[in-house]
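S.K.: Coordinates for the following, if possible.
(one chain, ligands or ions: 2)
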Amino acid sequence: MNDSTNGAGTESAQLSPESGYAATSSMPTDLVSDTPPVATSPTIGPSTPADPSVVPPPSVPSAPSVPVDPTGPAEPVVPSVPTEPVVDPAEPAEIEEPDLTPVAPAPAVNGGGNASSPKPRPQFPDPPPLESHGPARILAIVNQKGGVGKTTTAINLGASLAELGRRVLLVDFDPQASLTIGLGIDPLSLEATTYDMVIDRDVTAEDIRVKTAIDGMDLLPSDISLSGAEIQLVTEVARETTLARQLEALRPEYDLILIDCQPSLGLLTVNALTAADGVIIPLECEYFALRGLGFLVDKTIKTVQERINPRLKIEGILATMFDMRTLHAREILEEVVGRFGETVFHTVISRTVRFPETNKLGEPITTYAPNSVAAEAYRQLARELVGRLG
Ligand SMILES: Nc1ncnc2c1ncn2[C@@H]1O[C@H](COP(=O)(O)OP(=O)(O)OP(=O)(O)O)[C@@H](O)[C@H]1O
Ligand SMILES: [Mg+2]
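M.R.: Ligands and ions are numbered 1, 2, ... in the order given. Take a look at the predicted model:
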């Protein structure tokens, strides 16, 4: 498919207008500031029971949103939310409960119904196959908080989109190179990476491109040297648009380009936001993550929209590592849906030990455990995303 020359060679936001989320902070003076402001505590629902270990029956209707391959083995998709979580004693850390999809009850503040009369759960059918490819929609996967599932989402959403016949290019824009390693490619084996692409004018994105083991999914790999690019770029003219210029040349070949960002809001991330048409924000459902989300949306993304890239759109906030056994996670998810409404993906990624396993093996969960609930969750996300993108 591509003629990689790389050593390893072998796819506005407008903050949801109905969002009732009120920014409390003034605009930043510096785009690349990394220090979230001190926020007031989010309001936790008044219905918190006295005993936090008691998980109340969910208010979400129970129709299954994930069709299951009847030939698939063992791992059942729970068709309705149980009052007690089902936990496999053999794997106590694994919670595979896909059906807590927030129905975006859209409390009155978002103008779309209310929590007591939730909307029917949407279905996400397989999109029709494409007759031709490109030009790609470029999406940055961003959250300045570390370890929230950005790279996991890039790998598994990318692989799921490829399964749907979409041509996908993944861009590793993190010096940690987790995306590269997570796809089974050793950064030390590479002759050139995203570092060379942004620093050396003679190196193009095509020069560094490698194939992955997934049909239809290619990668612009990274390595630790990218950490030096941030400092080197500072003296460049149009330093925020370096990545955008490079990706433009590959846009016609792909349907989606996913950029995996590092956990900071530095110049590399601003480059990604400048190149992107849209943003996906993975969010771990816990309190500190919620505070950081406000900073990301109200300051960084808004500032990039206003100053550099007005077409930037938040395509969706993705709840990751969701643990339905904890009341806290459920409350945070409700809070996020309450603030951001339909901007929150209906698909929720549950916490499961399967993901760390896949990191070690260097492959997506869609091939490592193709019939797992976790794989199906990312497939559902892919269908939901394609539906959103239209
Ligand atoms: N749904 C999940 N359940 C359990 N573990 C998960 C899940 N998603 C990701 N993980 C694990 O959590 C860790 C962090 O995930 P990941 O690397 O995707 O986060 P990240 O946001 O890209 O991190 P960083 O900010 O460092 O780049 C990894 O070990 C990954 O396997
Ligand atoms: Mg990462």
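
S.K.: Could you use CA atoms for every contact and neighbour count after this?
M.R.: Fine.

S.K.: Contact partners for residue 228?
M.R.: By C-alpha atoms under 8 Å, 6 or more residues apart in numbering, no residues touch residue 228.

S.K.: what about it, which helix or strand?
M.R.: helix 226-233 (DSSP states H and E).

S.K.: and if you look at residue 317?
M.R.: Using DSSP H and E, residue 317 falls in strand 313-322.

S.K.: Just list what whichever strand or helix holds residue 334 packs against, helices and strands only.
M.R.: Assigned by DSSP H and E, residue 334 belongs to helix 327-340. Applying 3 or more C-alpha pairs under 8 Å, 6 or more residues apart in numbering; DSSP states H and E, one finds that helix 327-340 makes contact with helix 287-295.

S.K.: rerun at 6 Å
M.R.: The criterion is 3 or more C-alpha pairs under 6 Å, 6 or more residues apart in numbering; DSSP states H and E, and there are no helices or strands that helix 327-340 contacts.

S.K.: Any residue of the very next helix or strand once past it touching ligand 1?
M.R.: Once helix 327-340 ends, the next helix or strand along the chain (criterion: DSSP H and E) is strand 344-350. Yes. Interface with ligand 1: strand 344-350 contributes 349, 350 (C-alpha under 6 Å from any ligand atom).

S.K.: Quick one: mean pLDDT over strand 344-350.
M.R.: Strand 344-350 carries an average pLDDT of 97.

S.K.: the inter-axis angle of the helix or strand following that strand versus strand 313-322?
M.R.: Next helix or strand after strand 344-350 toward the C-terminus (DSSP H and E): helix 354-361. Counting by axes from the mean of the first three to the mean of the last three C-alpha atoms, to 10 degrees, helix 354-361 lies at 100 degrees to strand 313-322.

S.K.: what about dumping the CA coordinates of the host helix or strand of residue 159 to CSV?
M.R.: Using DSSP H and E, residue 159 sits within helix 150-163. Provided in CSV are the C-alpha atoms of helix 150-163 (Å, rounded to 0.1, in the frame of the first residue of the first chain):
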residue,chain,number,x,y,z
LYS,A,150,-5.4,8.1,24.8
THR,A,151,-3.0,5.6,23.2
THR,A,152,-5.3,2.7,23.9
THR,A,153,-8.0,4.6,22.1
ALA,A,154,-5.8,5.4,19.2
ILE,A,155,-4.8,1.8,18.7
ASN,A,156,-8.2,0.2,19.2
LEU,A,157,-10.4,2.8,17.6
GLY,A,158,-8.0,2.8,14.6
ALA,A,159,-8.1,-1.0,14.3
SER,A,160,-11.9,-0.9,14.6
LEU,A,161,-12.2,1.7,11.9
ALA,A,162,-9.9,-0.4,9.7
GLU,A,163,-12.2,-3.3,10.2
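
S.K.: Other residues contacting that helix?
M.R.: 141, 179, 216, 260, 282, 364, 378, 379, 382 (C-alpha atoms under 6 Å, 6 or more residues apart in numbering).

S.K.: do that again at 7 Å, thanks
M.R.: 141-142, 168, 178-179, 214-217, 258, 260, 282, 364-366, 378-379, 381-382 (C-alpha atoms under 7 Å, 6 or more residues apart in numbering).

S.K.: Run me through the strand neighbours of the next helix or strand after it, direction for each.
M.R.: Scanning forward in sequence from helix 150-163 by DSSP H and E, the next helix or strand is strand 168-173. Partners of strand 168-173 in the sheet, by DSSP bridges, are strand 217-220 (parallel), strand 256-261 (parallel).

S.K.: Next, count neighbours for residue 361.
M.R.: For residue 361, the neighbour count with other C-alpha atoms under 10 Å is 14.

S.K.: From residue 213, how far off is it?
M.R.: 12 Å (C-alpha to C-alpha, to the nearest Å).

S.K.: for residue 124, same thing?
M.R.: Counting by C-alpha to C-alpha, the gap from residue 124 to residue 213 is 27 Å.

S.K.: Identify whichever of the strands paired with strand 168-173 lies nearest to ligand 1.
M.R.: strand 256-261 (6.9 Å; C-alpha to the nearest ligand atom).

S.K.: so how many other residues sit close to residue 201?
M.R.: Neighbours of residue 201 (other C-alpha under 10 Å): 10.
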